[in-house]
Each structure stands twice: as structure tokens, then as C-alpha cells.
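sequence and predicted model, in that order:
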Amino acid sequence: MRSNTEAPGTPRDWLQFGLGAVVVAGMCFPALWMIYSSFKTNREIFRTPYALPGTWHWENLTKAWNEGGLGVLYVNSILVTAASVILCAGFATLAAYAFARLEFPGRRVLYRIFLIGLLLPPPAVAIALFTQLRDMGLLNTLWALIFANAAWSLSITLYLMSGYFRTLKREMEEAARLEGADTFRVFWYVILPMVKPAIITTAILNTINIWNELMFALLFISDDASRTLPAGIVRFSGFHSTNYALVFAALTITTVPIMILYFVSQRHVIRGLTAARAD
Amino acid sequence: MAEIVFDKVAKDFGGGPVVRDVSLTIPEGEFCVFVGPSGCGKSTLLRMVAGLESITAGEIRIGGKRANDIPPAKRGAALVFQTYALFPHMTIAENLGFGLKIRGAAKAERDAKVLGVAKDLELDGLLERRPRELSGGQRQRVAIGRAMLRDPQVFLFDEPLSNLDAALRVHTRLRIAKLHQDTGRSMIYVTHDQVEAMTLADRIVLLNTGERTAREGSLAQIGTPLELYHHPRSLFVAGFIGAPRMNFIAARVVEAFFDRMVAETASGLRIAAAVCADGIKIGDPVTLGIRPEHVTFGDTLAARVLNVERFGDSSLVYADCAEAKEPIVARAEGGTRLKRGDAVSFAFPAEHVHAFDAQERAVPRSVDPLAQ
Amino acid sequence: MAIAAQNNGLGGGRPGEGAGIANLLFVIPALTLYALFVLWPLASSLYYSLTDWDGIGAPRWVGLANFTRAFADDIHLASYVHVTLYILGTLVFEVSFGLVMAVMLNSDRPGFALLRGLFFSPVVLSMSAAGVLWNFVFDYRTGLVNAMLKGIGLGDWAQPWLSQPATALICVMLVSGWKFAGLYMILFFAALRRIPRSLYEAATLEGAGPIRRFFSITLPLLKQNVLICGLLAVTGGFAGFDLFFTMTNGQPYNSTEVPVTWIVKMAFDSDQLGYGIALTVILTVVVSLISLLYLRFAERSHAVEY
């Protein structure tokens, strides 16, 4: 039902838009409800669940922030996400360059091995990884999450980056080599600037995934000081299961930033997802 | 000092030879053009000189030194790519100065040299732009400028004009010819366009493709443009050099005497050719060839005009006849009154007729237009 | 297709500068990380799955005992039934719904891009936040759903949605659909964009209406994308954990138990790490087998060229 763009606003187009808008509004309502309910009192939420708040109780946010220790959770989540994303982006870009452009022993086999990770779900190793991290003394530290998340993001990142490398012409690299640049300088001066868009795209995808990661966070961290947001929120809502306003406030505080990141970088997110899966 | 020698060079990507048995010496200061149909390995050969492609067998010597294992940057060769290969994220100045930077030149020296070359190429107003903001011709000049800054022993060009429009091609061709005169350096230039080859080359290397490569090696013929034009060594060379293409007619030898031969077509038409008749036997099949510009209007071959292309200074007449599968092409004066459907009659002056034997080898001509 | 057809992302095989061990240096960092935290635990799982281990003492070799136990463990077996039902649900609520929405929101008119962006937004929300939010929506006493039913005079229909076996799993499926339909919508939308408009114009000239155009052009041309999205839903579904954990954690009466929630319970709540690890091995084998069969099947039915 691809609409023809030439003719403005035939009734069918309006019907299409109207129907779409109704569905989308229905989808968005729970999240909106959560956001505006976080400014109500509990009593208001029970009595008039749909209504906008009579007075906007901004103090709910501060209360949730303090009682949930959201500050610590936030800092941990930021540290874990940033470190894993950077680690993964750097390692995967280096490796993708080698796989796409260089010759070395075991190149094909190693690439296949990396691709296995595309089909493996993280729970497949979760328990064994838990004992391993414990033996390494990393349990209850942010490093556990950083290494695990970075390693589990490698396959898809490497896959996307090598796909991008394939679209790049070799001539620039050859020109640089003729000018006397060695392999590393070709990488640094020519490749890296040219693959920047792909690095940004994959980094944003990984940021969203790692920011939201729950299972590793639940299993590897039992210490309040190292907990990240998703695990912290589950815990917090368990303690305050009857205090709607407080839980909603905490949820709002934790979800709004990632939503903003999404709306700002929508183009990258969608490009990355479609390159990853639909091509 | 920068003589380039190919010694039995071959290249195989794993699916049979692409380049085979190339032995050739390019003396210092020569402008040598590699030309041939697509797939003949001319770019591969060039990239082997640059060091971007490994040499499967044989040896390339640059300035007397075996170059096979010398890394690309140390061979003293600069390559201008077909797609220019400018770094998209760098300004024009950075693009030009990249090699100097890699080689560790001080910033002041770099800037001075870049500015000098930019002025030469009328790029000095564009130094802070990026490649995508430049026109095709300007990008091409940057690519040439980058090669000039290398101050190489040999310049390599890989189809540098094929992404430019017609007017710019002529202009850039002149610029490259001037670069050759100014620097006096050896140049190897790859193209599939025989006009570029004829106009630029001191010497042309025409390369075989496919099955012919396997049979007789990569080299079809080496020579000056006029040698290839007047004394093609084979049917392939005769057909490749010259536009429009040489006319070919199949025939059988009926007379062979000293410096002259007469052959008869299936329909009984007799055509004479000024060739050395030494090895020719009566009854041998031959292919006769004559260039459109040498066909005259006479009474030998009756034909019917299919089409007339008018260029103003001259016209091309395409005409159908019983003797040849393809239409015969003749160059007529600009004002010719011939039109489609007219009956014409052609003549083939014997001193312009080429002959090729059953193996498609040329029979040596008994006249030499180059000696006159 | 990403996973299916391009069996490798290697370049043309023309080497860069020499074929050296030195080039391996570019791969070493990634390989180390990957080997330590993906490959090694995968391999050690195989060993631990053959042991009885509480996670503290030394593992005791028990051979295949864990696996015989797993195939006699009713809850474990039931968890695969639940996850299969859940996957079937996601094929409807995520993949099919996403496809329909992709077609509906496929327009260049102003406003549609915003609708697509909003429709996609739940995808970027964390699973835990989504789970917690929907727990409140489905709450018996004060939840949004029951309040809405009361509001339209159907108060009798109010249900304890998440705490009765008949509805709990369906609720999780619905939330999963809410969360992920946007992902499939975007994937299908990108594929739709690649279908040349002329095909639709030709069909319209032949007198085909919108429904017929969907079934005779859109769907056949999206076949490959539908297959890949199906694979994503299936492999993703088997590994499902976050939503189940935050919404029901297997309750009530293990009626929403899925493999991963059961694994976590066995390993951590009952301190049977050996058994838990054996269950992860089974999960890995199941997911890999299904992926391989699926890819084989998908490869056989080639993509349509257009």
C-alpha cells in the first residue's frame, strides 16, 4: 500500500495516517502514563489513573533519586557502558581491518569463529562465566560487566564493520602505501577517518544494548556499590511495589536519557539495525 | 638511471595466467602506453610496477635493481589512479602533503612544496577544500600533483582520463604530455582508448587478452604509434589500432609474385596487395585489410550505401556488399552527396592493402609508408 | 541477507602488504577478549556439565547424570513448551504486527517519519524498565487494564492478569510484542524501501487493489526478510530472560518458566551449578541446531531478485 506522493491528501492517505496514529498512540500511552504519573501522588494515581497530575510533584524525582541510590547506579551504568563500548569499538575496528584487508595465518578460520557469536545467546555461557569471573576475582566489580559486555558485542560489531570495509575502495589505502605509509599508519591516517561513520553507528547500537543489559548485571553483581541501572530498577521496584509514584519517578529518571539518545541519533540506530539484520 | 625492464613477467590470480611472458625495456624518459581491450591485464602490469600486485613469475627491474621484493614506497614510482584515490577526510593541502608528512618532512618545507605544485596546477585557491567539493578535472589535477610531489623516477597512470568528459580529456592529455616534457621522467600510461595511446605515446605496448594471451603471450606488438598503424603484426593489432576499424575481406591467393599478391574473394572479385610474397602459396586463404581512409571510389567492388555519418571535414560511408560480412567503411569528403540506398563502387589501392595469413599473422608489406 | 547468505565478510582475498604474522597483531586484542569471555566459558561449560558441583567445592565427575536428570525434569521440559508458545506468540505480536505496521507507515508524507520513530521507541527502552512498567499496568487492584475495564463498565472482567496461569504467559507475549514490534517494523520498512515503486504502479495499472498488491508483490518480495526476522524471533525467544524475570519469574506455579529463568534458579537459588551449566549446554545445542536448520532452509528458498 505504498501511497503515491504526488497527489496531496487523498482520503485514503488520511485514513492510513489516522489508523497509524491511533496504533502508535496506543503503543506510546503506557510510557507517557508512566512519565506523567511520576509527578502525581500515590492517592491520585489510584483515584484517577488517567488524569494528568493536579499539581506537578517534582519532589518525587528527588525522592526516587535519593531513596533508590540512583546516582550510584547512574555512574556505574555510564562507566560500564562507556568502557565496554570503547573497548569493543577499538578492538573490533582493528580486527575488521585485518580481516577485510590483510593476509595472515588463520584468517578465514578466525573470522568464522567470530561469527559463531552472532547466533549464540549470552545465557549459553552465563553460569560458566559467573564461576570464571569469580575465580578471576572480578565478581562484584564493574570489570566483570565491562569485559563480558564488550566480548559479547564483538561479533556483531566485527560483522558490521567488515561489511562496511567491503564497501570502501582499496585505492586510498594503495595510494597511502605508495606514499610510504606502513600498515599501521595506513590504518591510522586513512582507514580510521574513513570508517568513522560505521564506528559511530555500531557504538550507538552497542550503547543501547549494554545500557539495558540485565542478566549479566543480575548474576555478576550483588554489591550495591557496583550495581547498574537495569538491575537496580528491578530491585527498587521490588522494595516499593506499592508506591507507584516513587517507582514511576525512578523509571522516568532512568529511561528518559536513553530515549533522548535514541531520538537524537535515530538515523544511526536505524541504519545500524538494518545493516545488521535485513540486508 | 630509471630504465624499467620487464623480464618474462607473468601474473596468475589463481584462474589461469592474466599476464604472460612480458619482456620489455622502457628506456629512461620514454612515454610508454599500455593499451588493450578490457581484461588484458594492462592495469595489473602497471600495479606490478608500482608494487601493489605481487609478481607471479619473472622479474621487474627499476633503475637496474630487481624490484620484485622492494616495498611500493621505495620503488620510486608514483601512481595516478583512475578514481584519483584522494583521501576524502583530508583537505587538498593535506592530500598533497600526505606523502611528505609520512616521509618526515618538516611542516614549513611541506607547505612550500605543496604550494609550489598547487600553483603549477592552478590549484592554489582550493587548498583548504575537501575532495568532494572539487570537480572531476580538479580532483584529477590534485592526483597528478600528488604524484609530482613524490618526484618519482617513473610516473604511472592508470586510465586517468576515463572519468572525465570529452573536453576535459583533451585538456588533461595536453597537461600530461607537458608534464612529460618538463620532467623528462619515464612514464607508463594505461588506457583502453587507442586515441589516447596514439596521441600520447612514444611507444605503444598492445596487449593480448584471453585465449590469445595463452597462445602467444601477453605482448601483441610493441612499437611507435605509426609502426602499429602501418605495420600491424597481426589481425588483432590491425583491428585494434585505428578508428574506424580496418575493413576485412576473406579471400584466397591466386597470384603471388615477388612484392605483390592477388587474392580472389568467394564471389570472384580480385584484389591486389603490395606485400612480400615470399612464403605465400597459391590457394592459401588470406584475410585482406584496408583502412577506411584508404578506400577510394573506383570500380572494383560494388556496394549499396547503408548509412552516411557526416563530420563536416569528412564523412564515413557504410556500405553493404556481398564480399564482406560487416559493412565496408570508407572515408569520403565532407560534402559527399551519397545517401542511403545509393549504389557505390569502391577501389582498394594495392599499396594500402594489408594481408593476414590463416594464423592471423600479417604478411610483411612491400611498401613502407614510414620510409617516405 | 546478513546472517544467511553472506557466509563470510572477507575481502577479495588480495593481500595487503605481505602475508605476515605481524598482521595478526590487529586481531590479537579482539581475539583475546573473545576467547576469554566467550569461547572459554563455552568450552568449560562442556566440562562442568558433566560434574556435580555446588560452585564452591571441587566439581565431582558424574558423567551424563545431569543430562538424564534434565530430560526427566518436568519443569525443565515444560519450560521448553512455554518458550515455544512464547515464540509462536512473538511471531504474531512482533513479526506479523511489525510487518503490518511497516506497510501502514510506509509513506513519504510528513508525519509518517515521526510515527515510525515513536513506534520504534519501546525498542530502546530497557527490558527491566518495560517489565516493571507493565507490571503496574497489569496489576489486579490498581492496574491500568482493570481500571480501564471498570471505566467502560466491564468491571467483572477484571483479572489478576499476571498471577493466574491462563493469562500470565499471554501477558508476557503482549509486552514482548509492544517492546519489539518496532524493531521488525524498521527492518521490514527498510526492505520495503528497496522494492521499486514501478512494480506497484504496474500492478495498479493492471487493476490490483491494495490488499492484492500486498499479497502478490510485497509479501513475495519480502520473503527473505520475513525468514531472517523469523530467525531473530526464534533465537531471541529461546534466550528470553529479562522480561520473564521482571514480570513473572516463572510464576504462577512455574507456568511461565522458560529455560533461562529455570537455569538461573537451579544454579543460584539451589546452588546446583553443575546442573545449571548442563542446562545451558542443552540450550546452546537447541539454539544452534534450530539456527542451522533454519539457515539451511532459508538458503534453499533463495531470495527474489528485483
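On my side now, so go ahead. Residues are numbered from 1 along each chain as shown, chains lettered A, B, ... in the order given.

burial measure for residue 98, as a count.
Unless you meant another one, I'm taking chain A. Using other CB atoms under 10 Å in any protein chain shown, the number of residues around residue A:98 comes to 26. Any C-beta I mention is one placed from the backbone N, CA and C, and that applies to glycine too.

meant chain C actually
Considering only other CB under 10 Å, residue C:98 is surrounded by 25 other residues.

quick check: pLDDT value at the residue most central in space within chain A.
Of all residues in chain A, the one closest to the mean position by CA atoms, centre = their mean is residue A:208, 1.2 Å from it. For residue A:208, the pLDDT comes out at 83.

tell me the contacts of it?
With contact set as CB atoms under 8 Å, 6 or more residues apart in numbering or on different chains, residue A:208 has these partners: A:258, A:261, A:262, A:269, C:124.

mind listing what's buried in the helix or strand harbouring it?
With the criterion set as DSSP states H and E, the secondary-structure element containing residue A:208 is helix A:196-211. Using 16 or more other CB atoms under 10 Å in any protein chain shown as the test for burial, helix A:196-211 gives A:198-199, A:201-211.

for residue 65, what are its contacts?
Because you didn't say which chain, this covers chain A. Contacts for residue A:65 were tallied using CB under 8 Å, 6+ apart; they are A:71, A:250, A:253.

actually chain C
Contacts for residue C:65 (CB under 8 Å, 6+ apart) come out as residue C:52.

what does the one 4 residues further on give?
Neighbouring residues of residue C:69 by CB under 8 Å, 6+ apart: C:275, C:278.

let me know the pLDDT of it.
The predicted structure scores residue C:69 at 81 on the pLDDT scale.

please apply the same query to the one 5 residues further on.
In the prediction, the pLDDT value recorded for residue C:74 is 81.

roughly how far apart are it and residue C:81?
Going from residue C:74 to residue C:81 by CB to CB, to the nearest Å gives 10 Å.

same drill for the two, tell me which one is more crowded.
Remark: of residue C:74 and residue C:81, residue C:81 carries more neighbours, 11 against 8, as counted by other CB under 10 Å.

can you classify that one as helix, strand or coil?
When the structure is split into helix, strand and coil by DSSP: H, G, I helix; E, B strand; the rest coil, residue C:81 lands in helix.

could I get the full set of helices for the stretch 151-300 of chain C?
With DSSP state H, counting those that start in this stretch as the criterion, the stretch 151-300 of chain C has helices at C:165-193, C:197-205, C:210-213, C:219-221, C:223-238, C:242-247, C:259-264, C:273-300.

so which elements touch the last one?
Looking back up the chat, that one is helix C:273-300. Where contact means 3 or more CB pairs under 8 Å, 6 or more residues apart in numbering or on different chains; DSSP states H and E, helix C:273-300 is packed against helix A:107-119, helix A:123-135, helix C:40-48, strand C:51-52, helix C:65-72, helix C:223-238, helix C:259-264.

got the angle for it vs helix C:223-238?
170 degrees (axes from the mean of the first three to the mean of the last three CA atoms, to 10 degrees).

now do the first one
For helix C:165-193 and helix C:223-238, the angle between their directions (the same axes, to 10 degrees) works out to 150 degrees.

average pLDDT for helix C:165-193?
With pLDDT averaged residue by residue, helix C:165-193 scores 85.

of the contacts of residue A:208, closest to residue C:255?
Closest approach to residue C:255 among the contacts of residue A:208 (CB to CB): residue C:124, at 30.1 Å.

pLDDT value on that closest one, please?
At residue C:124, the pLDDT value in this model is 83.

isn't it up against residue A:260?
No. Contact status for residue C:124 versus residue A:260: not in contact, 10.1 Å apart, counting by CB atoms under 8 Å.

so those two - more neighbours on which side?
A side-by-side neighbour count of residue C:124 and residue A:260, using other CB under 10 Å, places residue C:124 first with 24 against 10.

quick one, what contacts residue B:230?
By CB under 8 Å, 6+ apart, the neighbours of residue B:230 are B:365, B:368, B:369, B:370.

just send these back as TSV, with secondary structure and neighbour count too.
Formatted as TSV, these follow (DSSP: H, G, I helix; E, B strand; the rest coil; neighbours: other CB atoms under 10 Å in any protein chain shown):
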residue	secondary structure	neighbour count
B:365	strand	20
B:368	coil	10
B:369	helix	12
B:370	helix	11
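
and the nearest residue to residue B:159 once chain neighbours are set aside, how many neighbours?
Spatially, and ignoring its direct neighbours in sequence, residue B:159 is nearest to residue B:82 (4.3 Å; CB to CB, 6 or more residues apart in numbering or on different chains). Neighbouring residues of residue B:82 were enumerated by other CB under 10 Å; the total is 18.

and what of residue B:33?
Taking other CB under 10 Å as the criterion, the count of residues near residue B:33 is 25.

need phi/psi at the nearest residue to it once chain neighbours are set aside.
If the residues on either side of it in the chain are set aside, residue B:33 comes closest to residue B:201, at 3.8 Å by CB to CB, 6+ apart. Main-chain torsions, residue B:201, degrees, to the nearest 10: phi -80, psi 140.

chain A contacts on the stretch 201-306 of chain C?
Taking CB under 8 Å from any CB of the partner chain as the contact definition, the stretch 201-306 of chain C meets chain A at C:210, C:213-214, C:225, C:228-229, C:232, C:235-236, C:238-239, C:241-242, C:245-246, C:259-260, C:263-264, C:267-268, C:273, C:276-277, C:280, C:283-284, C:287-288, C:291.

try it again at 7 Å.
The stretch 201-306 of chain C comes close to chain A at residues C:210, C:213-214, C:225, C:228, C:232, C:235, C:238-239, C:241-242, C:246, C:260, C:263, C:267, C:273, C:276-277, C:280, C:283-284, C:287-288, C:291, as judged by CB under 7 Å from any CB of the partner chain.

which residues of chain B fall in helices?
Across chain B, reading from the start of the chain, the helices by DSSP state H fall at B:42-50, B:92-102, B:107-120, B:136-150, B:166-183, B:194-200, B:210-216, B:225-230, B:235-240.

out of these, which is closest to residue A:44?
Set against residue A:44 and scored by CB to CB, those come closest in helix B:92-102, at 62.1 Å.

how far does the closest one sit from the chain's center?
On the basis of CA atoms, centre = their mean, to the nearest Å, the separation between the geometric centre of helix B:92-102 and that of its chain is 32 Å.

and it, what does it pack onto?
With contacts defined as 3 or more CB pairs under 7 Å, 6 or more residues apart in numbering or on different chains; DSSP states H and E, helix B:92-102 has these neighbours: helix B:107-120, helix B:136-150.

mind listing residues that contact the strand of greatest length in chain B?
With secondary structure taken from DSSP state E, chain B has its longest strand at strand B:296-310. Outside strand B:296-310, the residues within contact range by CB atoms under 7 Å, 6 or more residues apart in numbering or on different chains are B:269, B:271, B:315-321, B:323, B:327-328, B:334, B:336, B:338-349.

of these, list those near chain C.
Taking CB under 7 Å from any CB as the test, chain C is in contact with none of these.

list the residues that contact the nearest residue in space to residue C:242 that is not next to it in sequence.
Spatial nearest neighbour of residue C:242, excluding adjacent residues (CB to CB, 6+ apart): residue C:127 at 3.3 Å. For residue C:127, the contacting residues are A:212, A:214, C:242, C:243, C:246, taking CB under 7 Å, 6+ apart as the criterion.
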